[in-house]
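Enquirer: Build me a model:
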Amino acid sequence: TINPTHDEWVNFLTKCRRHASDILEAQGIEYSLEMDENIPGQLEMELRKNLWLIFKEIITNITKHAEAEYVLIRFKTQSNKLNITIRDKGKGFDMKAVESGNGIQNIKKRVEAIDGEVSLESIVAEGTSWIIEVPL
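Expert: Down below sits the predicted model:
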């Protein structure tokens, strides 16, 4: 049976997967992708747009700033929420010094716009972790 909702999520995840491989492989950064293929709920235009821009911004920041050797990208569903984790093993940064950067603020605003929650942790010389949770 054709399930347009399922297809929308599959297409979105495929787009994310392709973007990550294009960008990270070009930089010689190893990565792994763990993606739930059966995400419940509608992929509304606003949700899709914001998730895409958030994803692109984080991947771009990793390639520009992290000097990462490895990136983990995980899309998991759990009790009507989508949990996105993007973690790099890079140089990390001082959270106090960078917290007000435009990229970070843009990501936080976009997560708020889709009623999500965001957690950012970075440890100098270890790497950076983004955990984003949005209701489905």
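Enquirer: Any idea how many residues pack against residue 74?
Expert: As a burial measure, residue 74 scores 15 neighbours (other CB atoms under 10 Å). Where C-beta positions appear, they are placed from N, C-alpha and C, glycine not excepted.
Enquirer: quick one: contacts of stretch 44-51?
Expert: Residues from elsewhere that reach stretch 44-51 (CB atoms under 8 Å, 6 or more residues apart in numbering): 8, 12, 84, 110, 111, 113, 114, 134.
Enquirer: repeat that with 6 Å
Expert: Applying CB atoms under 6 Å, 6 or more residues apart in numbering, the contact partners of stretch 44-51 are 12, 110, 113, 114.
Enquirer: Give me the lowest-pLDDT entry from the residues you listed.
Expert: Ranked by pLDDT, the contacts of stretch 44-51 bottom out at residue 12, which has 95.
Enquirer: what helix or strand does the residue nearest the centre of the chain sit in?
Expert: Note on the chain: the residue nearest the mean C-alpha position is residue 55, at 4.0 Å, using CA atoms, centre = their mean. Assessed by DSSP states H and E, residue 55 sits inside helix 45-61.
Enquirer: which stretches of the chain have low pLDDT?
Expert: Low-confidence segments of the chain (pLDDT under 70): 1-6, 99-100.
Enquirer: where exactly do the strands run in it?
Expert: Shown for the chain, the strands assigned by DSSP state E span residues 30-35, 70-78, 81-89, 117-123, 127-135.
Enquirer: so how many other residues sit close to residue 11?
Expert: By other CB under 10 Å, 12 other residues sit near residue 11.
Enquirer: one step back: which residue sits closest to the residue nearest to the centre of the chain, ignoring its sequence neighbours?
Expert: residue 16 (5.5 Å; CB to CB, 6 or more residues apart in numbering).
Enquirer: Ok, residue 36 next?
Expert: Per CB to CB, 6+ apart, closest to residue 36 is residue 77, 5.0 Å.
Enquirer: For the one you found, list each beta-bridge partner.
Expert: When bridges are called by DSSP bridges, residue 77 pairs up with residue 82.
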